[in-house]
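Peer 1: A predicted structure for the sequence below; I have some questions about it.
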Amino acid sequence: MIGGGAWGTALAQVCARAGLQATLWAREAEVAEAINAGQGNPHFLPGVPLDPAIVASTDPAALAGADLILAVTPAQHLRSTLTLFAPHAADGVPVIVCAKGVEASSLKLMTQVLAETLPGARPAVLSGPSFAGEVARGLPTAVTLAAADVRLAETLARRIASPTFRPYVSGDMIGAEAGGAVKNVLAIACGVVEGRGLGRSAHAALITRGFAELTRFAVALGGQAETVAGLCGLGDLVLTCSSHQSRNMSVGLALGQGESLEQALAGKSSVAEGVASAPAVRALAARLGVETPICDAVSAILAGEVAVDPAIAGLLARPLRAES
């Protein structure tokens, strides 16, 4: 596992339950020390006992020779982290990208970043409705595991599956990535709706029309509408937009209640990926010629270009149109 945050730790737990030797490369020395001392990961995943077989290190060389890598860093740090790991990566090693987002500096998907930093790796994508704490505790979870080589996806799914962690296989990495990236932006919008007290009807409408944006975006990138209608798109969107456990929704909730972005992010140890991905999704959608009015509004709010109420009014004032 590359990344010692909540999701990286939860996936180390998944791999240990599947009978794999799980080694976690963490940036923070205190995280590695706590895990190795049998204290779990109190910084990012408090209160969750971890499998004692999980080993942690702050040295990327600890992953040298691994026959499977899960890249679980925040999306905007994936390139720099994989660059550090590159001297230790075995040629042809499968790398499952677990980060969800669009790289802000290049507007590239995470598998494109992987191809540029570890060109010899065999790429796959893990995405779907999954809160780290629930996964780490062993609560039932289903996700999408996508690879261009479906046989590779099937092999990887068998390796990490357990009675409570069920990967569904797909050959559409682009669709899986697009769903994971856009749903984080839409979750911020749903948080704003709740923070403003606009009601469950508005919440449902936003999820539905947001899913239409997500689908258009994925298809324009080369993904399949059927993929994002599954766990990695609609499933993840429903989860992230419906619970305060969602870091992205909690940011939107604070914005909807009148806090500034700085106040909304203050004191959070985990990353709300949608904050960085929103302007990247907006720019990439414009490049593709895809309409994404909700994502555009979220990006404008985060950038301070428009206040919350005018942004909502602008969405409601859009011309009437057919639903499909």
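Peer 2: Alright, I've got the coordinates. Numbers count the residues shown, from 1 in each chain.

Peer 1: residue ranges for the strands of this structure, please.
Peer 2: For the chain, the strands defined by DSSP state E occupy 23-25, 55-57, 69-71, 94-97, 122-127, 141-146, 165-170.

Peer 1: Identify each buried residue in the first one, please.
Peer 2: What that stands for is strand 23-25. Using 16 or more other CB atoms under 10 Å as the test for burial, strand 23-25 gives 23-25. In this view, the C-beta of every residue, glycine as well, is placed from N, C-alpha and C.

Peer 1: how about the strands of the chain in CSV, adding mean pLDDT and distance to S243?
Peer 2: Formatted as CSV, the strands of the chain follow (pLDDT from 0 to 100; distance: least, CB to CB, whole Å):
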stretch, mean pLDDT, distance to S243
strand 23-25, 98, 26
strand 55-57, 98, 28
strand 69-71, 98, 24
strand 94-97, 98, 24
strand 122-127, 98, 17
strand 141-146, 98, 14
strand 165-170, 98, 19
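
Peer 1: so which of the ones you listed comes closest to S260?
Peer 2: strand 122-127 (30.5 Å; CB to CB).

Peer 1: Buried residues in that closest one, which are they?
Peer 2: Judged by neighbour count (16+ other CB under 10 Å), strand 122-127 contains these buried residues: 122-127.

Peer 1: hang on, the earlier thing: need the strands of the chain in TSV (columns: distance to L84).
Peer 2: Listed next are the strands of the chain as TSV, based on distance: least, CB to CB, whole Å:
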stretch	distance to L84
strand 23-25	9
strand 55-57	13
strand 69-71	12
strand 94-97	14
strand 122-127	18
strand 141-146	25
strand 165-170	27
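
Peer 1: low-confidence ranges in this protein?
Peer 2: 269 (pLDDT under 70).

Peer 1: Ramachandran coordinates for the spatially most central residue of it?
Peer 2: Central residue of the chain (CA atoms, centre = their mean): K100, 3.0 Å from the mean position. Main-chain torsions, K100, degrees, to the nearest 10: phi -120, psi 110.

Peer 1: Test my guess that V228 contacts L234.
Peer 2: Yes - counting by CB atoms under 8 Å, V228 does reach L234; the two are 6.7 Å apart.

Peer 1: more neighbours, these two?
Peer 2: Set V228 next to L234 and count neighbours by other CB atoms under 10 Å: V228 wins out with 31 against 19.

Peer 1: who's in contact with the more buried one?
Peer 2: V228 makes contacts with 175, 178-179, 211, 214-215, 218, 234, as judged by CB atoms under 8 Å, 6 or more residues apart in numbering.

Peer 1: Can you tell me which of the residues you listed is closest to K268?
Peer 2: G179 (23.6 Å).

Peer 1: and that closest one, how far is that from L231?
Peer 2: Going from G179 to L231 by CB to CB, to the nearest Å gives 9 Å.

Peer 1: shared neighbours of those two, which are they?
Peer 2: S127.

Peer 1: Report the set of residues contacting both of V228 and L234.
Peer 2: With CB under 8 Å, 6+ apart, V228 and L234 have common neighbours 179, 211.

Peer 1: returning to that earlier point: of the buried residues of strand 122-127, closest to Q112?
Peer 2: Checking the buried residues of strand 122-127 one by one against Q112 (CB to CB), the nearest turns out to be P123, at 9.4 Å.

Peer 1: ok, and the closest non-adjacent residue to the closest one?
Peer 2: T111 (4.8 Å; CB to CB, 6 or more residues apart in numbering).

Peer 1: Surely that neighbour is in contact with V97?
Peer 2: Yes - assessed by CB under 8 Å, T111 is found in contact with V97 at 5.7 Å.

Peer 1: Find residues that contact each of these two.
Peer 2: Common contact partners of T111 and V97 (CB under 8 Å, 6+ apart): 123, 125, 177.

Peer 1: Identify the residues contacting the residue lying closest to the last one once chain neighbours are set aside.
Peer 2: Pointing back at E177 there. Nearest residue to E177 in three dimensions, chain neighbours excluded: L109, at 4.7 Å (CB to CB, 6+ apart). Going by CB under 8 Å, 6+ apart, L109 touches 102-103, 174, 177-178, 181, 221.
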